[in-house]
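Visitor: Coordinates for the following, if possible.
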Amino acid sequence: EAKGLSWKGYAEDYPGNCYLGSTAASALYVRKHVPLLSFQSIQNDATRCNYVVPASTFQNDWNSRQLPTYSFYTPNMDNDGHDTNVTFSATWLQSFLDPLLQDSVGMNGTLIHITYDEGTKTNRIYNLLIGPMIKVNQTISTNYDHYSMLRTVEYNFYLGSLGRKDSTAKVIQELWA
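Guide: As a prediction, this is how the structure comes out:
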């Protein structure tokens, strides 16, 4: 915010109004999957809390070209594969992504980062970066972690570091076209 950047969190089945309960009536929403609500600086500020919204508003923001500088989209427990399986989740993801990827105007300057965080015993998780700034069919073998992704976002927006593990993390550099 201090750099003039906008942000918003979109969460499927989120009841809105800075709801901090662990689950919602639909049982498909879980608070722990909406990390922005973990910060007291958001919980205790009505303006910031209003930047966490039901995911049903995403498509309208996309279509009207009103997405913020940084968006965080959280699927519900079925669509993220937690309460279903990878086939269900992949089908949902394709139906979500296809219209976005076919919208060349909307995709101009847009980077989509997908993380499947259900890792293996080695704690390796699948990440996918999609956008016109990414090299096509590029696979990297360098080991990165969540702090690397955070550091890459910080680097991209000239934000500096939080001064924690992100400050020594590697910036992801091999993917950029």
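
Visitor: Can you show me the CA trace of the lowest-mean-pLDDT helix or strand in the chain as PDB?
Guide: Of all regular secondary-structure elements in the chain, judged by mean pLDDT, DSSP states H and E, the least confident is strand 126-130 with a mean of 85. The C-alpha coordinates for strand 126-130 follow below in PDB (Å, rounded to 0.1, in the frame of the first residue of the first chain):
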ATOM      1  CA  TYR A 126       3.900 -28.300  -7.700                       C
ATOM      2  CA  ASN A 127       4.000 -24.700  -8.800                       C
ATOM      3  CA  LEU A 128       3.000 -23.400 -12.200                       C
ATOM      4  CA  LEU A 129       3.600 -19.900 -13.500                       C
ATOM      5  CA  ILE A 130       1.500 -18.800 -16.600                       C
END
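
Visitor: Now that strand: buried residues?
Guide: Within strand 126-130, the residues that qualify as buried by neighbour count (16 or more other CB atoms under 10 Å) are 127, 129. C-beta: built from backbone N, CA, C; applies to glycine.

Visitor: At the geometric centre of this protein, which residue sits there?
Guide: Phe72 (3.4 Å; CA atoms, centre = their mean).

Visitor: which residues does the residue lying closest to that residue once chain neighbours are set aside bridge with?
Guide: Distances taken as CB to CB, 6 or more residues apart in numbering place Gly9 nearest to Phe72, at 4.6 Å, with adjacent residues excluded. Legend: beta-bridge partners of Gly9 under DSSP bridges are Val52, Phe72.

Visitor: Quick check, pLDDT for Gly9.
Guide: Predicted confidence (pLDDT) for Gly9: 96.

Visitor: Just to check, it is in contact with Tyr51?
Guide: Yes: the criterion here is CB atoms under 8 Å, and Gly9 meets it with Tyr51 at 6.5 Å.

Visitor: and the closest residue to Leu28 other than its chain neighbours, what does it touch?
Guide: Leaving aside its sequence neighbours, Leu28 sits nearest to Asn76 (CB to CB, 6+ apart; 3.8 Å). Contact analysis of Asn76 by CB atoms under 8 Å, 6 or more residues apart in numbering lists 12-13, 26, 28-29.

Visitor: hang on, the earlier thing: helices and strands around the least confident helix or strand of the chain, which ones?
Guide: Applying 3 or more CB pairs under 8 Å, 6 or more residues apart in numbering; DSSP states H and E, we find strand 126-130 packed against strand 112-116.

Visitor: The strand it packs on versus strand 126-130: what angle between them?
Guide: 170 degrees (axes from the mean of the first three to the mean of the last three CA atoms, to 10 degrees).

Visitor: Quick check: buried residues in strand 112-116?
Guide: Here strand 112-116 shows Ile112 as buried, counting by 16+ other CB under 10 Å.
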